[in-house]
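# Starting from these lines, generate the structure:
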Amino acid sequence: QVQLVESGGGLVQAGGSLRLSCAASGRTSSRYAMGWFRQAPGKEREFVAGISWGSELIYYVDSVKGRFTISRDNAKNTVYLQMNSLKPEDTAVYYCAATTLLRSRSLNEYAYWGQGTQVTVSS
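Numbering: from 1, shown residues only. Okay, the predicted model is just below:
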């Protein structure tokens, strides 16, 4: 079992930045790829960014490319999502998740999820 806890969400003006963190505990000796997802009100949860265990594979949804950066520090069991140039359409609850696959954009392939952190971008 892996427990994931997100932090770093909040209210920011359009054009601003936030850095989300996801701390893992429990069975962290296993090599999990990690992903960030988001869910806006009335919408389905969508993939945002993913990173393999060794950080050799990093990938994003097109709408955040050039603005968001995913990274991880395995020594700290933590994954980050640096979000710059935020837009009102980035408003959502952001979740981190872990998968045993090398990479995935499908939420159904992620076994472990955090509780989410709210990001609100005002115009």
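# Do a quick rundown of the strands in the protein.
All strands of the chain, identified by DSSP state E, fall at 2-7, 10-13, 18-26, 33-39, 46-51, 58-60, 68-73, 78-83, 92-99, 112-113, 117-122.
# and the residue most central in space within the chain, what pLDDT?
Centroid-nearest residue in the chain: Trp36, 2.3 Å away (criterion: Cα atoms, centre = their mean). On pLDDT, Trp36 comes in at 98.
# low pLDDT regions in this structure?
Scanning the chain with the threshold set as pLDDT under 70 gives 29.
# residue contacts, Trp113?
Leu4, Tyr95, Cys96, Ala97 (Cβ atoms under 8 Å, 6 or more residues apart in numbering). Every C-beta, even on glycine, is put in place using the N, C-alpha and C of the backbone.
# what's the answer for Arg103, then?
Arg103 is in contact with Ala33, Gly50, Ser52, Leu57, Tyr59, counting by Cβ under 8 Å, 6+ apart.
# May I see these arranged in a markdown table, with neighbour count and distance to Asn84 as well?
As requested, these are exported to a markdown table (neighbours: other Cβ atoms under 10 Å; distance: Cβ to Cβ, whole Å):
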| residue | neighbour count | distance to Asn84 |
| --- | --- | --- |
| Ala33 | 23 | 23 |
| Gly50 | 25 | 18 |
| Ser52 | 18 | 23 |
| Leu57 | 12 | 22 |
| Tyr59 | 15 | 18 |
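# Buried ones in stretch 103-115, by neighbour count?
Residues Arg103, Ser104, Arg105, Leu107, Tyr110, Tyr112, Trp113, Gly114 are the ones in stretch 103-115 that count as buried (16 or more other Cβ atoms under 10 Å).
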